[in-house]
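> quick one, what's the 3D model for this:
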Amino acid sequence: MWVERVSLENFLAFKTVSVELAPGFNVVLSPNEGGKSSLFQGILAGLYASAASQKNEVLSLARWGAGGSFRIEVDFRLREESYRAVRDFGAKALYRGSEKSQVAKWKGMDEYLSAHLPIADRDLFLRVCGVRHEELGLVGEGASGLGEKIEEILGGGWGHVTPAKVERIVDAKRKELVRGRDRPVIDTNRGAVKRFMDEVSLLEREAARASALAAIREGLLKAASAVDARLAAVDAQLEILKARRDKASEHRSLEEKERAQREKADGLRKRIERIRELLDRRQTIASEGKRVPALLRAVDGSSLDALRDDLAREVFLEEEATAGKPASGLGRHWRPVLASILALGGVLGALVWKSVMLVFLAVGLGLFVWHAAARRGGAGVPPAEQRDELERLRKKRALWAEGRSLEESKALLAECGSRAGRVREVETRLEEAAGKETCDIDAFLAALDEEYGGAAVELRALKEARSALEPFRFDGSETLRLDRDIADRERERERIAAERDDRARDLAALEHLDANAIAERLAEAREGLERSERKVRLLDAILGTLEEARRNVSGFLARELPPLAGAYLSRITGGRYGTLFVDALTMKIEAVPAVTDAGVGSGIPERVEPFALSQGARDQIYFAVRLALVELMSRGESQPIFLDDPFVHFDPERGERSLDILREFAGRHQVVLFTCNPRYRGAGDRLIELAER
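From the prediction side, this is the model:
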């Protein structure tokens, strides 16, 4: 068999692709994630996927985001016939050559291919004809790892379920079942057969004593039943009394909660009333402010202080203008300046000498005389800058006082200051009532109203709940009487419980050997013993069959595999290894170095186990064995082999020899080499390049 063409649509990495393969050596060149694995999976699915399958592993092959199913067409040749397998999991059919009529469809297609393909099983086809790079790295890690891998391929196992491992598991299971049957072991190590044998013997002895104890147990059970009935009656009475006490306690608790909730609601109501009162006062003050000129309504405290300073300055300038006194420079501050000079002169004179004091007195007297002359020279006529400043202040006052006199302006500013103080006081009280320095008082008041409403609703619910429990309002004497009744019932219950415990101790002291239960257990033990013995017989048969099957497979491999694989290995390694050895019992594979003319390795060549070789050498042994397996499994017919970069660890010389072998191998079997290395571009008969997806 060989594959002629593969067409994929919405399959894994491909939106659409069509690849034609030659019957000889094909090289599929593609970068990483370029679609090599997707192409191989497409071939497997086209030949082996069930036509009616809806399993997740098949449905998951659809290209991500395609929005529908996929379609696969695989053209292949069986002997002299050409076929085209079509699978789109909506219309599945098999055609012969270019004919339009169907050879088979649906499940009939699977049955036809299973009957005609050289390797009918998908997993076996994948193991024999698919040589993946990751498999090369897994072999040779143990002394018999390579041999077991080959046995796994031919024996139908996979992963941990190889024939050798199955045989070991079955043998271990048999030994576990019969442990202790033929020789003494500790109890914890007994097998199932021995455990059931001992259990049957023990139960047979116990069955004899079980019936004698049954009558005694029956009498004790009747007495215990009567005590249980009395205890149940007392428990019922006690439950009623405790329920009444719980209701009374709940009533008292509700009363306390109602009282606390009422206090909370009253506090919220008073707080709301206080805030509303302050808001009314603030509104009243705001209404009073409407009498104030418009320019004064929006001024803050600092602006108001500035207006007071301007007014005081205007008054001062008016007085100076009226009295004819200079109102600027040293004239306004001559007294403090003169006093400071005289004081400084007196201190220095006292500390240093009197002449300094006389100098300061003379300077002070001169300043006094100059000031007096200046006042006499300018009496009644203020300087020009004073008149300009006074005029400016009068115009400014005319704007904010709206034509009021000085006295009226003073009164107006005093009124504004008083109103600002009252506003600050109200705002302070609002902040205290709200408990915050800054907040939206309207929103806060609305939140308080809502909280008050919730408190009122909860208070009403508490009242209703308390009213429902009003029949359980007990005074002190009633509560004491109820507690005494409960205490009496509890003491009575303790007496009955003690009596019940006595009956229970009597029953516990009595050896419990139920005849019926022992009979059932005895029957189960005998059945378990028979079942275990059947398992032992079955495992013996399985071990015999496995041993015979393994001898057949291992004998076939030991006889047929070494000549083919050894010849390939010798060519790959340039004659370094002459052949391979396969142990017919253990499936252990060893490489045999070639005998040299120089005498090195003369005599019987030493066998080398794969794990002692390099990774490249192990890969080459496995590669040679896999080519030989295809030859053995094909039975003289053409069979495709798919290689996924098997030469990663090969040196250049051995890699070239391996390519030569593949070229010869391609004369008998179709070869498809998947690689991302451009050096293999011209290695085969046909090159298929897949673009990066």
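> could you find the closest non-adjacent residue to Ser658?
Nearest non-adjacent residue to Ser658, counting by C-beta to C-beta, 6 or more residues apart in numbering: Ile572, 5.4 Å away. (Glycine included, C-beta is placed from N, CA and C.)
> counting neighbours, what do you get for that neighbour?
Neighbourhood size, Ile572 [other C-beta atoms under 10 Å]: 26.
> where's it relative to Gly417, distance?
Applying C-beta to C-beta, to the nearest Å, the value for Ile572 to Gly417 is 112 Å.
> check Arg679 too.
Taking C-beta to C-beta, one finds Arg679 at 100 Å from Gly417.
> what sits against the residue nearest to Ser658?
Residues counted as contacts of Ile572 (C-beta atoms under 8 Å, 6 or more residues apart in numbering) are Gln620, Phe623, Ala624, Arg654, Arg657, Ser658, Ile661.
> cool, and Leu529?
Val193, Phe196, Met197, Val200.
> quick one: contacts for Lys270?
When the contact criterion is C-beta under 8 Å, 6+ apart, Lys270 has no partners at all.
> and it, which helix or strand is it part of?
Here Lys270, judged by DSSP states H and E, is contained in helix 192-288.
> mean confidence score for that helix?
Mean pLDDT, helix 192-288: 87.
> so what's the gap between that helix and the chain middle?
39 Å (C-alpha atoms, centre = their mean, to the nearest Å).
> can you confirm Lys15 is in a strand?
Yes: the assignment for Lys15 (DSSP: H, G, I helix; E, B strand; the rest coil) places it in a strand.
> pLDDT wise, what is it at?
pLDDT recorded at Lys15 is 88.
> and it, how many neighbours?
Residues lying near Lys15 (other C-beta under 10 Å) number 12.
> thought it was touching Arg63?
Yes: contact status for Lys15 versus Arg63: in contact at 6.3 Å, counting by C-beta atoms under 8 Å.
> quick check: longest strand of this structure.
In the chain, with assignment by DSSP state E, the single longest strand is strand 2-11.
> that strand - what's its average pLDDT?
Per-residue pLDDT values over strand 2-11 give a mean of 91.
> and it, what does it pack against?
When contacts are defined as 3 or more C-beta pairs under 8 Å, 6 or more residues apart in numbering; DSSP states H and E, strand 2-11 sits against strand 14-20, helix 36-48, strand 71-78.
> by how many degrees do the helix or strand encompassing Arg537 and helix 192-288 diverge?
Following DSSP H and E, one finds Arg537 within helix 515-572. With axes from the mean of the first three to the mean of the last three C-alpha atoms, to 10 degrees as the basis, helix 515-572 and helix 192-288 are set at 90 degrees to each other.
> poorly predicted segments of the stretch 501-650 of the chain, please.
Scanning the stretch 501-650 of the chain for pLDDT under 70 picks out 549-550, 553, 596-605.
> try the stretch 251-400 of the chain
Scanning the stretch 251-400 of the chain for pLDDT under 70 picks out 294, 297-301, 323-382.
> tell me where it has helices.
Taking DSSP state H, counting those that start in this stretch as the criterion, the stretch 251-400 of the chain contains helices spanning 294-297, 301-323, 334-351, 354-377, 384-401.
> on that earlier part again, need the contacts of Ile572 in JSON lines (columns: secondary structure).
Converted to JSON lines, those look like this (three-state DSSP):
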{"residue": "Gln620", "secondary structure": "helix"}
{"residue": "Phe623", "secondary structure": "helix"}
{"residue": "Ala624", "secondary structure": "helix"}
{"residue": "Arg654", "secondary structure": "helix"}
{"residue": "Arg657", "secondary structure": "helix"}
{"residue": "Ser658", "secondary structure": "helix"}
{"residue": "Ile661", "secondary structure": "helix"}
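> of these, which is the most crowded?
Neighbour tally across the contacts of Ile572 (other C-beta under 10 Å): the maximum, 30 neighbours, falls on Gln620.
> once you drop chain neighbours, what's closest to that residue?
Ile572 (5.0 Å).
> confirm Ala104 sits in a strand?
Yes: according to three-state DSSP, the state of Ala104 is that of a strand.
> burial count for the closest residue to it other than its chain neighbours?
Closest residue to Ala104 in three dimensions, ignoring its sequence neighbours and counting by C-beta to C-beta, 6+ apart: Tyr112, at 4.2 Å. The number of residues packed around Tyr112, counting by other C-beta under 10 Å, is 16.
> which of the contacts of Ile572 lies closest to Arg635?
Arg635 lies nearest to Ala624 out of those, by C-beta to C-beta, at 19.7 Å.
> that closest one against Pro562, yeah?
No: the criterion here is C-beta under 8 Å, and Ala624 misses it with Pro562 at 10.4 Å.
> mind listing the shared neighbours of the two?
Residues touching both Ala624 and Pro562 (C-beta under 8 Å, 6+ apart) are Leu580.
> one step back: so which of the helices and strands packed on strand 2-11 gets nearest Leu459?
Smallest distance to Leu459 across these (C-beta to C-beta): 72.7 Å, for strand 14-20.
> whichever helix or strand comes after that closest one vs strand 2-11, what angle?
Note on strand 14-20: by DSSP H and E, the next helix or strand toward the C-terminus is strand 25-29. On the basis of the same axes, to 10 degrees, strand 25-29 is oriented at 20 degrees to strand 2-11.
> below-threshold pLDDT in the stretch 1-150 of the chain: ranges please.
For the stretch 1-150 of the chain, the ranges with pLDDT under 70 are 51-58, 65-68, 89-91, 133-150.
> go again using 80 as the cut-off
Low-confidence segments of the stretch 1-150 of the chain (pLDDT under 80): 49-60, 64-69, 88-92, 97-101, 106-107, 118-124, 126-128, 132-150.
> what residues sit buried inside the helix or strand hosting Arg422?
Element membership of Arg422, judged by DSSP H and E, is helix 406-434. The neighbour-count check on helix 406-434 (16 or more other C-beta atoms under 10 Å) flags Ser409, Lys410, Leu412, Leu413, Cys416, Arg419, Ala420, Val426, Arg429, Leu430, Ala433, Ala434 as buried.
> output the residues you listed as JSON lines; include the columns pLDDT.
Output for these, formatted as JSON lines (pLDDT from 0 to 100):
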{"residue": "Ser409", "pLDDT": "80"}
{"residue": "Lys410", "pLDDT": "81"}
{"residue": "Leu412", "pLDDT": "80"}
{"residue": "Leu413", "pLDDT": "80"}
{"residue": "Cys416", "pLDDT": "81"}
{"residue": "Arg419", "pLDDT": "78"}
{"residue": "Ala420", "pLDDT": "79"}
{"residue": "Val426", "pLDDT": "82"}
{"residue": "Arg429", "pLDDT": "83"}
{"residue": "Leu430", "pLDDT": "80"}
{"residue": "Ala433", "pLDDT": "78"}
{"residue": "Ala434", "pLDDT": "76"}
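> want to try JSON lines for the residues you listed, with distance to Ser287 as columns?
Formatted as JSON lines, the buried residues of helix 406-434 follow (distance: C-beta to C-beta, whole Å):
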{"residue": "Ser409", "distance to Ser287": "22"}
{"residue": "Lys410", "distance to Ser287": "23"}
{"residue": "Leu412", "distance to Ser287": "17"}
{"residue": "Leu413", "distance to Ser287": "20"}
{"residue": "Cys416", "distance to Ser287": "15"}
{"residue": "Arg419", "distance to Ser287": "11"}
{"residue": "Ala420", "distance to Ser287": "15"}
{"residue": "Val426", "distance to Ser287": "13"}
{"residue": "Arg429", "distance to Ser287": "18"}
{"residue": "Leu430", "distance to Ser287": "17"}
{"residue": "Ala433", "distance to Ser287": "21"}
{"residue": "Ala434", "distance to Ser287": "23"}
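> perfect, that will be all.
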